[in-house]
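Asker: Predicted model and sequence follow; I will ask about them next.
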Amino acid sequence: MSHFYPTSEYAEDQPLSRTILTTHVLSRGFQLGTAIGLLNTGAAYLLKRQLTTAILLRSAGTGGLIGTGIAGAGLVARMWGREEIEWKDRSWRIRYNTGQVAIDNWAEPGAALGVLVVASRGVVGSGSVMGVGGLRGLVGGAGVGSLVGIVGCMAARRVLGVKDANGEL
């Protein structure tokens, strides 16, 4: 998200504020829903039967979509009736938060790679472009890839000592 939207020097001048805030909230809802879907399925199936990749991916995809919906409803509830300057201020803060920008820079390529891995595995294995687990599996691959990107970002920042423009880990 970080590289696709323009920035301004002051919050009052931030263009596309509603789009920036909405994209941010929906992507974080997707990531949280994916994580909850994986944890929920892992706990439930661990006691009952063996987990498969397709089950995990479908659960991650379903959780990601549910998380996106809940985050969207929460955004509407929180920002309903707010003035334009509040949208601009929140989106401007997201754009200038180096941690959020770093997460975006790692999570988005991770999601794309997750979809490619799931799709390529399906093409090689079953001949279906939808990949392992069908459409929900592809969505789950995006969610899992996004989570792997976040973990990669955290590892790069903490373990490897990668610093941002402000010199912070």
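Answerer: Sure, I can see it. Numbers count the residues shown, from 1 in each chain.
Asker: Name the helix or strand of the protein that has the lowest mean pLDDT.
Answerer: Lowest on mean pLDDT, DSSP states H and E among the helices and strands of the chain sits helix 98-125, with a mean of 83.
Asker: Can you give me the buried ones in the helix or strand just after that helix?
Answerer: On the C-terminal side of helix 98-125, the closest following helix or strand by DSSP states H and E is helix 134-158. Neighbour-count burial for helix 134-158 flags 134, 136-150, 153, 157 (criterion: 16 or more other C-beta atoms under 10 Å). Any C-beta I mention is one placed from the backbone N, CA and C, and that applies to glycine too.
Asker: next one: stretch 72-85
Answerer: In terms of neighbour count (16+ other C-beta under 10 Å), stretch 72-85 has its buried residues at Leu75, Met79.
Asker: got it, and stretch 46-59?
Answerer: Of the residues in stretch 46-59, those buried (16+ other C-beta under 10 Å) are Ala54, Ile55, Leu56, Leu57, Arg58, Ser59.
Asker: And the last one, how close does it get to Ile36?
Answerer: So the one you mean is Ser59. Ser59 sits 10 Å away from Ile36, going by C-beta to C-beta, to the nearest Å.
Asker: now the helix ranked longest in the chain: mean pLDDT?
Answerer: For the chain, the helix that runs over the most residues, judged by DSSP state H, is helix 17-48. Helix 17-48 carries an average pLDDT of 87.
Asker: Alright, calling it a day.
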